[in-house]
Each structure stands twice: as structure tokens, then as C-alpha cells.
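S.K.: Let's see this in three dimensions:
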Amino acid sequence: MKNRVHLLLITIAIVFISCKEDKDLKETSSENSTEIIASHQSKEKPTNATNFKTYSGEELNNWLPAKILEYVKEPSSLEFGSEELHQVTANYQYKGGYDKYITLEITNGQSPQDLRIKNSIIQRIEMNFAEDSESGYTKIHKRNNIDVFEMQGNYNNSSTLQYVYEDRFYVRLDGSNVKADELWSFADQLNFKTLTQE
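M.R.: Numbering: from 1, shown residues only. Coordinates of the predicted model:
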């Protein structure tokens, strides 16, 4: 009887030790997998560059052309950011009539306010939300190797484009009585390379 009890206790001890080693091995594997995934995700996620020139709203406005295609910049519509928000907003009026216009907003810089605006569109793009209905569409897609949020409203004939150029410039264009393809023609005239070369 003593031998049986002894044998039973030894068996329980072996099973306990074996289970503990298996649990430790699983925890170690899990920790390593988590570290690998986190490392992979940090490589994929775009990082905000910190070594570029930051432009004030006034400097961005000076860079903007007075006329883009058939749209003329309205000086009275200009809005500038602040010391903490490096931004310009300008309205471009269609020269053939006041029913068509494009509002252009550009933000750059690394302040908390700048980054909040840039990161909000990055998060929206990462959601990869798309919708197509009678009232219009919303989609996320790549254009010229840039991730873009695009929206078109059919009833009010309005359109929106939002994207971040080279992790530096958040660009938003809103068109009133302007379809998305015409908004793209306007956006294609913005030559950010002249700013990124400085």
C-alpha cells in the first residue's frame, strides 16, 4: 500500500512539473510572438519625419498660385493657422461663375495640433472604409502611390479629397458643384516638390 501511495505521489509530481514547463514554454513563445508582431507593426506604420522645414500659413499661401486652371484664389477668403498650427485655407472661385469653387486646406509641421490633423486622416485611411450608394460614394484608394480618402456627393454635387503627401503635408480639397475628377485635375497642379526640396 505504501508503495502505491509513493508511486502515486511521484506520478503527480512529474505531471505537475511537466505542466509547469509546458506553460512557461507557451508564455515565452507568446511573448516572443508579441514582440515580433509589435516590431513588424512599427516598421509598417508611417513615422512622422522631424527633420524637414516647417512652413507658416503665410509661406504656404505665398507658394500657392493665384490661379489654378480656371479657378482664381480669393484673397479675402484666406485663413492662416497660428504658431502651433502651420496651416493655410484658401478658396478658389471658378472664373466662369460663383456657383463653383474649391476650398483648399494645407497643414504641415510637427506641433501637436499639426500631428493631430495629419494623424486623423491617416487613421481614417487605415480603416479602409468604402461605400457606394445613390447619394454618392466614399472610398479609400491609392493615387500616384499616395493613400487617398475620396468622397463624392451626387445630390449636392460636392466632392472631397484628403491625403498626406510624403508624411509632411496634409491636403484637403472640398469642391462645391465640382466632381471628384475635376478636383483631381486641380490637385495635380499643386507642385509640392518645390517645397520638399528646401
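
S.K.: What is the burial count for R124?
M.R.: Residues lying near R124 (other Cβ atoms under 10 Å) number 15. For glycine as for every other residue, the C-beta is placed from the backbone atoms N, C-alpha and C.

S.K.: Show me where this structure has its strands.
M.R.: Along the chain, the stretches classed as strands by DSSP state E are 67-68, 71-73, 79-80, 86-94, 101-108, 131-133, 136-143, 146-153, 158-165, 169-176.

S.K.: Name the strands paired with the last one and say parallel or antiparallel.
M.R.: Put plainly, it is strand 169-176. strand 101-108 (antiparallel), strand 158-165 (antiparallel) (DSSP bridges).

S.K.: What are the phi and psi values at F129?
M.R.: When read as degrees, to the nearest 10, the backbone of F129 gives phi -80, psi 140.

S.K.: confidence score at it?
M.R.: At F129, the model reports a pLDDT of 79.

S.K.: what's around it, how many residues?
M.R.: Considering only other Cβ under 10 Å, F129 is surrounded by 11 other residues.

S.K.: surely it meets E150?
M.R.: No: using Cβ atoms under 8 Å as the test, F129 is too far from E150 to be in contact (11.4 Å).

S.K.: how much space between the residue nearest the centre of the chain and D147?
M.R.: For the chain, the residue nearest the mean C-alpha position is I122 (1.6 Å; Cα atoms, centre = their mean). Counting by Cβ to Cβ, to the nearest Å, the gap from I122 to D147 is 8 Å.

S.K.: can you check D132 too?
M.R.: From D132 to D147 the distance is 19 Å (Cβ to Cβ).

S.K.: which residues do I122 and D147 both contact?
M.R.: Taking Cβ atoms under 8 Å, 6 or more residues apart in numbering as the contact rule, I122 and D147 both touch V164.

S.K.: circling back: more neighbours, D132 and D147?
M.R.: Each of D132 and D147 has its neighbours counted (other Cβ under 10 Å); D147 has more, 18 against 10.

S.K.: wait, what's in contact with the residue nearest to the more buried one when sequence neighbours are not counted?
M.R.: Computed as Cβ to Cβ, 6 or more residues apart in numbering, the closest residue to D147 that is not its neighbour in sequence is I125, at 4.7 Å. For I125, the contact set (Cβ under 8 Å, 6+ apart) comprises 140, 147-149, 163.
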